[in-house]
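# can't give you the sequence, but here's the structure:
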């Protein structure tokens, strides 16, 4: 037969276990939602060669400043 003290201990232990589980969920959700900063040029390098990217950037600069 469990005493009142044992019941309190089990109750507190159960609360601690629940809090640990909630913290685990919080930590994993934070890790998943971490964002990495990446430049536009960095993203483009994943899609095209650096040579092609540099040429496109130069063409865009010429086009942008052509009317100035």
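Right, received. Where do you want to start? Nothing here was measured: the structure is a model prediction, and the numbers come from that model.

# Could you pick out the longest helix of this structure?
helix 4-32 (DSSP state H).

# got the contact list for the lowest-mean-pLDDT helix or strand in the chain?
Every helix and strand in the chain was compared by mean pLDDT, DSSP states H and E; the lowest is helix 40-47, with a mean of 79. For helix 40-47, the external contacting residues (C-beta atoms under 8 Å, 6 or more residues apart in numbering) are 53, 57. The way it works is simple: take the backbone N, C-alpha and C, and place the C-beta from them, glycine included.

# coming back round to it: counting contacts, what elements does the longest helix of the chain pack onto?
Applying 3 or more C-beta pairs under 8 Å, 6 or more residues apart in numbering; DSSP states H and E, we find helix 4-32 packed against no helix or strand.

# Now it: buried residues?
Residues of helix 4-32 include none that count as buried (16 or more other C-beta atoms under 10 Å).

# how's the protein carved up into domains?
1-35, 37-68 (automatic domain parsing).

# and the longest helix of the chain, what's its mean pLDDT?
Averaged across helix 4-32, the pLDDT comes to 87.

# just stretch 59-68 next, same as before
Rounded mean pLDDT across stretch 59-68 is 78.

# Which positions within it qualify as buried?
Buried, per 16+ other C-beta under 10 Å, within stretch 59-68: nothing.

# chain center to that stretch: distance?
Distance of stretch 59-68 from its chain centroid, counting by C-alpha atoms, centre = their mean, to the nearest Å, is 36 Å.

# quick one on the thing from earlier: check which residues of the least confident helix or strand of the chain are buried.
Per 16+ other C-beta under 10 Å, helix 40-47 contains no buried residues.

# Show the subsequent helix or strand relative to it.
Later in the chain than helix 40-47, the nearest helix or strand by DSSP states H and E is helix 50-65.

# residues making contact with that following helix?
Against helix 50-65 from outside (C-beta under 8 Å, 6+ apart): 41, 44-45, 48.

# change it to 7 Å
41, 44-45 (C-beta atoms under 7 Å, 6 or more residues apart in numbering).
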